[in-house]
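got a sequence here, can you build the structure:
(chains A, B, C and D)
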There are 2 protein chains.
Amino acid sequence: MPMARRPSVSSVQIAREAGVAQSTVSRVLNGGSVAPETRRRVLEVLAKHDYQPNLAARSLVAARTGLVGVVIRDLTNPFYPVMVRAVEQVLHEQGLRLLLLSDVATAAESLAMLRRERVDGVVFTSAVREDPLAWPVSEHGIPVVLCHRTIEGFPGDQVEADNAGAARLAADHLLDLGHRRLGMLCGTAQASTAEQRAAGFRARLAERAPEVELVSVQGGYDYATSYAAVRELLAGPHRPSALFCHNDVMAHAALNAAAAEGVDVPGELSVVGCDDVPTSSWERIALTTVRQPLARIAEVAARLLLERLQDPQAPLRHEVLPVQLVERGTTAACRQVPGRGAG
Amino acid sequence: MPMARRPSVSSVQIAREAGVAQSTVSRVLNGGSVAPETRRRVLEVLAKHDYQPNLAARSLVAARTGLVGVVIRDLTNPFYPVMVRAVEQVLHEQGLRLLLLSDVATAAESLAMLRRERVDGVVFTSAVREDPLAWPVSEHGIPVVLCHRTIEGFPGDQVEADNAGAARLAADHLLDLGHRRLGMLCGTAQASTAEQRAAGFRARLAERAPEVELVSVQGGYDYATSYAAVRELLAGPHRPSALFCHNDVMAHAALNAAAAEGVDVPGELSVVGCDDVPTSSWERIALTTVRQPLARIAEVAARLLLERLQDPQAPLRHEVLPVQLVERGTTAACRQVPGRGAG
DNA sequence: CTGAAAGCGCTTACAG
DNA sequence: CTGAAAGCGCTTACAG
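Presented below is the predicted three-dimensional model:
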């Protein structure tokens, strides 16, 4: 038999036991001015009962709830834990709480929940251009920070990595290795990361090697989709000698698809990812990738939100964080004669 | 400039606009008896304002908050998302909300938070025998469900996989392949899963092949610890021909450690895991493992909690779910002559 | 079926 | 420095 529910003590009971008014208890709790002796007595009773204030009551009367919504759509992407931890850490230091919104609920349901909870603000990690949740949330006057993926003209603070720069690094790396038949595995169409990485990659190719062939396939930032797409690509007539993937999850899918098709990496195919999630450094994976400062991006996002709550009228901020190429085992010099035409 | 905060409408405003008492609004919201015409009128005003009740106010007056704590210590283990999703799904269907507790906070801080939030119940996924959080939470009269890891004699409902059975399947598989020098990479000492898997493995060996050598090393359910331990084991004088790992994360670490040491898997070393997380089926990993019904375990846990909230006095339940061996590429017949003595 | 009232546990002016 | 009081937005008996 489980234990019987034990009722919580309220500040009224604390006050009675300490022989003071309830408002005095509230004052010692929230740092109002209280005589040392009174404070001591109240603290004693507080400690005796291990008093914990009822957050619902506090939220009801205060203007704020101390709750911050964090929207993470794809829980299966391994950079998710990295981001959540970083955000959680910052919020936790400030005594704020985190309400996690995943894709279990629809956008409408999530909006309703954020409003019912009266969250003080929301951090989005996976917004798309016409985001069905970010826009309505903002229109309801709830402060929004876009983290990792951004939206031009959005009325909220934003942080992201230098995605175009990341794509340029990837392009340079593959070009330097002599690859001239390239493939690009693209992320979700409306995601800024995918758009910037695609544009950056294309721009760099046009700049350095306008003659290269580039075949783009859609992977939707999703393992299963990417896996199928890459198998098809590798089995088809336009097999590239190198593949730039818009994130690591898709790169992992590509690696596994190559294994399934009997295509040797990096012997017959070079693969570059983007993110550098923990899995990518595994010996069995050893993915060459462009590292984003994932934890840092999330941390900055949390801080931007905190500052926004302090000063709602401050001008909008937009931070862009640097990236860096991490060479590992999935890329190598092109073995075929450089030039046009598929093998 | 972000949008200005838009104040929420309250049920009092709705009542005024609909020309009824506030309690009537409350009744149409919560399904009390209301005349059809009155109801229609109220619903109209509700819809017009897209009214969302203030959950803090509701929690304050109702006996329950609708909040369920979910404790997940190791966010980096990839079965975490699988479990969270399953729990979230069930809670969401019932209109309950999830408060995620990770390891960012200490046990004391987590306890305080659960109490301040007045959660209706808590699901633990990573309890240990003398758990610093599960016991205090239960002693405070908050219903607890132990999910995945269990504690004998704990006053709460429990769900787990057949861990001893899992270990027996692993032992049989390795024994059938002719392995006689075995290694076991163990999980956290106080975790039921590690204890049961260790005991089950040992029992099965004693039963079928009392002559086998078994060397146990501690991996603490942690990638980094396991990686270092396995490298040391493989480089040392007692290298086993097969390794049973208490979970997949440790098995992945073992695979990568083997790669780092130049030990061929499965040629020189067979590896069996336990869990079957998504990563394990990747071609690059192809881990032979014992599958636990991860989502099912979490789902049952959520349901047990819901039933407990319905009937706090019902007798405690303890569910054990079946497991299954999944043979992939990391195990093979032992190439060395079976017998004693290291190579 | 419906309204007036009490009360959940707090914070915040407002007096003294 | 401290107490009495109002009020946050709801639900729940209690009358009619």
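
grab the CA positions of stretch A:159-173 and hand them over as PDB.
Coordinates of each C-alpha in stretch A:159-173 appear next as PDB, following Å, rounded to 0.1, in the frame of the first residue of the first chain:
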ATOM      1  CA  VAL A 159      20.700  32.900 -32.100                       C
ATOM      2  CA  GLU A 160      22.200  30.700 -34.700                       C
ATOM      3  CA  ALA A 161      25.400  29.200 -36.000                       C
ATOM      4  CA  ASP A 162      27.100  30.600 -39.100                       C
ATOM      5  CA  ASN A 163      25.400  28.200 -41.300                       C
ATOM      6  CA  ALA A 164      26.500  29.700 -44.600                       C
ATOM      7  CA  GLY A 165      30.100  29.600 -43.300                       C
ATOM      8  CA  ALA A 166      29.600  26.000 -42.300                       C
ATOM      9  CA  ALA A 167      28.600  25.100 -45.800                       C
ATOM     10  CA  ARG A 168      31.500  27.000 -47.200                       C
ATOM     11  CA  LEU A 169      33.900  25.000 -45.000                       C
ATOM     12  CA  ALA A 170      32.400  21.800 -46.200                       C
ATOM     13  CA  ALA A 171      32.600  22.800 -49.900                       C
ATOM     14  CA  ASP A 172      36.200  23.900 -49.500                       C
ATOM     15  CA  HIS A 173      37.100  20.600 -47.900                       C
END
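
next, the buried residues of it.
Counting neighbours by 16 or more other CB atoms under 10 Å in any protein chain shown, one finds that the buried residues in stretch A:159-173 are A:159-171, A:173. In this view, the C-beta of every residue, glycine as well, is placed from N, C-alpha and C.

stretch A:310-327 too?
For stretch A:310-327, by 16+ other CB under 10 Å, it's A:Glu319, A:Val323, A:Leu325, A:Val326.

where along the stretch 201-343 of chain A do the strands fall?
A:213-218, A:242-245, A:270-275, A:288-291, A:318-321, A:324-326 (DSSP state E, counting those that start in this stretch).

residues in contact with the fourth one?
Residues lying outside strand A:288-291 but in contact with it, judged by CB atoms under 8 Å, 6 or more residues apart in numbering or on different chains, are A:166-167, A:169-170, A:173, A:248, A:251, A:270-276, A:280, A:323-331.

check which helix or strand covers A:Met83.
helix A:79-93 (DSSP states H and E).

what packs against that helix?
Identification of packing neighbours for helix A:79-93 by 3 or more CB pairs under 8 Å, 6 or more residues apart in numbering or on different chains; DSSP states H and E yields strand A:67-71, strand A:97-101, helix A:294-310.

tell me the mean pLDDT over that helix?
Across helix A:79-93, pLDDT averages out at 90.

cool, stretch A:283-297 as well?
96.

ok, now stretch A:169-189?
pLDDT averaged over stretch A:169-189 gives 97.

and that stretch, what's buried?
Here stretch A:169-189 shows A:169-171, A:173-175, A:177-188 as buried, counting by 16+ other CB under 10 Å.

let me see the domain layout of chain A.
A:11-53, A:67-161+A:294-322, A:163-292 (automatic domain parsing).

so is the second one next to DNA strand D?
So that's domain A:67-161+A:294-322. No. Domain A:67-161+A:294-322 lies out of reach of DNA strand D by CB under 7 Å from any atom of the strand, never closer than 8.6 Å.

now the first one
Yes. Judged by CB under 7 Å from any atom of the strand, domain A:11-53 and DNA strand D are in contact via A:19-24, A:27, A:32-35, A:37-39.

please narrow those residues to those residing in helices.
A:Gln22, A:Ser23, A:Thr24, A:Arg27, A:Glu37, A:Thr38, A:Arg39 (DSSP state H).

make CSV from the residues you listed and add pLDDT, neighbour count and distance to chain B to it.
CSV is the format used below for these (pLDDT from 0 to 100; neighbours: other CB atoms under 10 Å in any protein chain shown; distance: CB to the nearest CB, whole Å):
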residue, pLDDT, neighbour count, distance to chain B
A:Gln22, 93, 14, 16
A:Ser23, 93, 10, 18
A:Thr24, 94, 21, 20
A:Arg27, 94, 17, 19
A:Glu37, 90, 8, 27
A:Thr38, 92, 16, 24
A:Arg39, 93, 17, 20
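
from these, pick the one nearest A:Ile72.
Of all these, A:Arg27 has the smallest distance to A:Ile72: 39.0 Å, by CB to CB.

surely the closest one touches A:Ser33?
Yes. Under the criterion of CB atoms under 8 Å, A:Arg27 makes contact with A:Ser33 at 7.1 Å.

about what we covered before: ok, so of the ones in helices among the residues of domain A:11-53 next to DNA strand D, who is nearest A:Gly220?
Scanning those for proximity to A:Gly220, where the rule is CB to CB, the winner is A:Arg27, at 55.0 Å.

look up the closest residue to the closest one, ignoring the ones flanking it.
A:Val34 (5.2 Å; CB to CB, 6 or more residues apart in numbering or on different chains).
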